[in-house]
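1. I need the structure of the sequence given here:
(one chain, ligands or ions: 2)
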Amino acid sequence: MSSLSAASIAHSSRSASLAGRVRAPGDKSISHRSLILGLLSVGETRIDGLLEGEDVLATARACRELGAEVDRVGEGEWRVRGVGVGGLKSPGKALDFGNAGTGSRLMMGVVAGHPIEATFDGDASLRSRPMRRILDPLEQMGATVVFSAEGGRLPLRLKGADRPLPIVYESPVPSAQVKSAVLFAGLNAPGETTVIEREATRDHTERMLRAFGAQVTVERRGPHGRLIRLVGQPELTPAAISVPADPSSAAFPLVAALIVPGSEVALDGVMTNPLRTGLLTTLQEMGADIALTNVREEGGEEVCDLVVRAGSLTGVDVPPERAPTMIDEYPILAIAASFAVGETRMRGLHELRVKESDRLAAVHAGLLGNGVEARIEGDDLIVVGCGAVPGGGAPVTTHLDHRIAMSFLVMGLASERPVAVDDSATIATSFPSFVPLMRSLGALIDFGEE
Ligand SMILES: O=C(O)C1=C[C@@H](OP(=O)(O)O)[C@@H](O)[C@H](O)C1
Ligand SMILES: C=C(OP(=O)(O)O)C(=O)O
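-> Ligands and ions are numbered 1, 2, ... in the order given. Below is the predicted model:
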């Protein structure tokens, strides 16, 4: 362990049964979009339950640079006084999005639809991620890349279109970020902007645009796809947004409760938008004891309280078409799968290779190191659970990836020996309260080497 930087090493150790009732922080996707739609409306948008993670804070700073007044008035309570579609100004300095794919890509769409210029930058992880998938449609709409690193990567400077063209765009990748960037650019284009997706991805942009007064229609297209139409140049009116708890963050205490024997944990107000529930479906197929109680609506989304009890799990086959509904949850599913009896095959995970890290490789390496049999076949990850407690004991390299850090810290709560991650600071990008929340349930997580 001596090769790891001491500052943010963390480790988790085998814990007694977890118990309690907690609420995961606000949804990251909705938090980014709340600020951006606030910027694009005229008047005051009031946000409650905003995720105050590093990724979202970078979006808040970018909104200020582009002309909005953005104020924090209490814990998770924010006010945005926007400038309206068409009213943005060029930022005086580079927009630094840190680790955030969503913030940077959605904001590229916003800038592309305005006659302004902005430089986008980020950390080493974000600088390595592909941006061509976003730049291709935005160039078709009239935006220009003034400069970029190799392959269209960050840092890059984008000049927005003087008169953005409404386009019909069929995305070659299943990505809510691509869809949202095109729709945000289309807001300032005359006429109808259309996005066709072969596989439906999270629809928060569509739902929230409607809540802010834009005309958006959605049709089914093929067995899994959708066609989305947006009428450009609306006057967006501010909305009051109550951000529901993030299912992608709730996934960590959820899986911890399943694998630590004797646990019973309640997770309050978890969003159950059907395009985000792939992990719940999969865990239930594995035999997990998860009750969905008190189903209700919050902030235009269905939410419920989950009651989770530890128990045995069985390996399953996860079909590729489910990937968009659980794309960020595969690392923690792989941890659940290592405690299950039998093989879990997760199919069609090519998109995992271009997240904050190559998650397919990072998960595979972490599992092997900690004594779990796993293999990669093409785009599939196969985890061979033997129904027993994994050995643990090996340090995990997180590659600036918050979900790798949290997943392996969960693994250590039920492994024979502690599991350490080399960088827990990265967790603050999406779940700054992860360690205290997990400790409040009884999880043994500590900083430094064990
Ligand atoms: O639109 C969003 O809020 C997100 C979309 C997904 O990315 P892709 O669009 O690259 O699949 C997801 O991985 C990310 O955490 C959040
Ligand atoms: C992929 C993720 O986020 P982003 O693309 O916004 O960096 C994530 O949070 O798992």
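2. ranges for the helices of the chain?
-> Counting by DSSP state H, the chain has helices at residues 28-39, 54-65, 101-112, 124-127, 132-140, 176-186, 204-211, 247-259, 278-285, 330-339, 359-369, 402-412, 434-440.
3. Out of these, flag the one nearest ligand 2.
-> Nearest of the helices of the chain to ligand 2, taken as C-beta to the nearest ligand atom: helix 101-112 at 2.6 Å. From N, CA and C alone the C-beta is placed, and that goes for glycine too.
4. now the closest one against helix 204-211, angle please.
-> 50 degrees (axes from the mean of the first three to the mean of the last three C-alpha atoms, to 10 degrees).
5. Would helix 101-112 count as contacting ligand 1?
-> Yes - Helix 101-112 lies within reach of ligand 1 by C-beta under 6 Å from any ligand atom, at residue 102.
6. And ligand 2, is that helix touching that?
-> Yes - using C-beta under 6 Å from any ligand atom, helix 101-112 reaches ligand 2 at 101-102.
7. Output the helices of the chain as TSV; include the columns mean pLDDT and mean neighbour count.
-> TSV is the format used below for those (pLDDT from 0 to 100; neighbours: other C-beta atoms under 10 Å):
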stretch	mean pLDDT	mean neighbour count
helix 28-39	98	28
helix 54-65	98	23
helix 101-112	98	27
helix 124-127	98	17
helix 132-140	98	20
helix 176-186	98	28
helix 204-211	98	22
helix 247-259	99	27
helix 278-285	98	21
helix 330-339	98	28
helix 359-369	98	21
helix 402-412	98	29
helix 434-440	98	18
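8. Which one of these lies nearest to residue 222?
-> helix 176-186 (15.6 Å; C-beta to C-beta).
9. before we move on, the earlier item: adding distance to residue 13, write the helices of the chain out as a markdown table.
-> Listed next are those as a markdown table, based on distance: least, C-beta to C-beta, whole Å:
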| stretch | distance to residue 13 |
| --- | --- |
| helix 28-39 | 28 |
| helix 54-65 | 27 |
| helix 101-112 | 32 |
| helix 124-127 | 28 |
| helix 132-140 | 41 |
| helix 176-186 | 37 |
| helix 204-211 | 37 |
| helix 247-259 | 13 |
| helix 278-285 | 24 |
| helix 330-339 | 15 |
| helix 359-369 | 17 |
| helix 402-412 | 6 |
| helix 434-440 | 12 |
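10. I figured residue 169 was touching residue 196, is that so?
-> Yes - using C-beta atoms under 8 Å, residue 169 is in contact with residue 196, at 7.0 Å.
11. ok, the two, which is more surrounded?
-> More crowded of residue 169 and residue 196, by other C-beta atoms under 10 Å: residue 169, with 24 against 17.
12. what does stretch 437-450 contact?
-> With C-beta atoms under 8 Å, 6 or more residues apart in numbering as the test, stretch 437-450 has contacts from 1, 4, 6, 8-20, 22, 24, 252-253, 256-257, 260, 263, 265, 409, 412-413, 418, 420, 424, 431, 435.
13. With only the CA atoms kept, save that stretch in PDB.
-> The C-alpha coordinates for stretch 437-450 follow below in PDB (Å, rounded to 0.1, in the frame of the first residue of the first chain):
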ATOM      1  CA  LEU A 437     -24.200   8.200   5.700                       C
ATOM      2  CA  MET A 438     -22.700   4.700   5.500                       C
ATOM      3  CA  ARG A 439     -21.200   5.000   9.000                       C
ATOM      4  CA  SER A 440     -24.600   6.000  10.300                       C
ATOM      5  CA  LEU A 441     -25.900   2.600   9.200                       C
ATOM      6  CA  GLY A 442     -23.000   0.900  11.000                       C
ATOM      7  CA  ALA A 443     -20.500   0.600   8.100                       C
ATOM      8  CA  LEU A 444     -16.900   0.400   9.100                       C
ATOM      9  CA  ILE A 445     -15.200   2.900   6.700                       C
ATOM     10  CA  ASP A 446     -12.000   4.700   7.700                       C
ATOM     11  CA  PHE A 447      -9.500   7.000   6.000                       C
ATOM     12  CA  GLY A 448      -5.900   6.000   5.600                       C
ATOM     13  CA  GLU A 449      -4.300   2.500   5.300                       C
ATOM     14  CA  GLU A 450      -5.800  -0.200   7.600                       C
END
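14. Tell me how far that stretch lies from the chain's centre.
-> Centroid displacement of stretch 437-450 relative to its chain, using C-alpha atoms, centre = their mean, to the nearest Å, is 23 Å.
15. Kindly report the same for stretch 226-233.
-> 23 Å.
16. So for it, what gets flagged as buried?
-> Residues of stretch 226-233 classed as buried: 226-233 (neighbour count, 16 or more other C-beta atoms under 10 Å).
17. Surely residue 209 is in contact with residue 230?
-> Yes - judged on C-beta under 8 Å, residue 209 makes contact with residue 230 at a distance of 6.8 Å.
18. shared neighbours of the two, which are they?
-> Joint contacts of residue 209 and residue 230 (C-beta under 8 Å, 6+ apart) are 183, 187, 216.
19. OK, contacts around the residue nearest to the second one when sequence neighbours are not counted?
-> This means residue 187. Leaving out its chain neighbours, the residue that sits closest to residue 187 by C-beta to C-beta, 6 or more residues apart in numbering is residue 85, at 4.9 Å. Residue 85 sits next to 40, 113, 187-188, 233-236 when contact means C-beta under 8 Å, 6+ apart.
20. cool, residue 19 as well?
-> Residue 19 makes contact with 263-265, 441-442, according to C-beta under 8 Å, 6+ apart.
21. Spell out which parts of this protein neighbour ligand 1.
-> 29, 102, 175-177, 180, 202, 327-328, 351.
22. re the thing from before, take the contacts of residue 85 and lay them out in JSON lines including pLDDT.
-> Below are the contacts of residue 85 laid out as JSON lines (pLDDT from 0 to 100):
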{"residue": "40", "pLDDT": "98"}
{"residue": "113", "pLDDT": "98"}
{"residue": "187", "pLDDT": "98"}
{"residue": "188", "pLDDT": "98"}
{"residue": "233", "pLDDT": "97"}
{"residue": "234", "pLDDT": "96"}
{"residue": "235", "pLDDT": "94"}
{"residue": "236", "pLDDT": "97"}
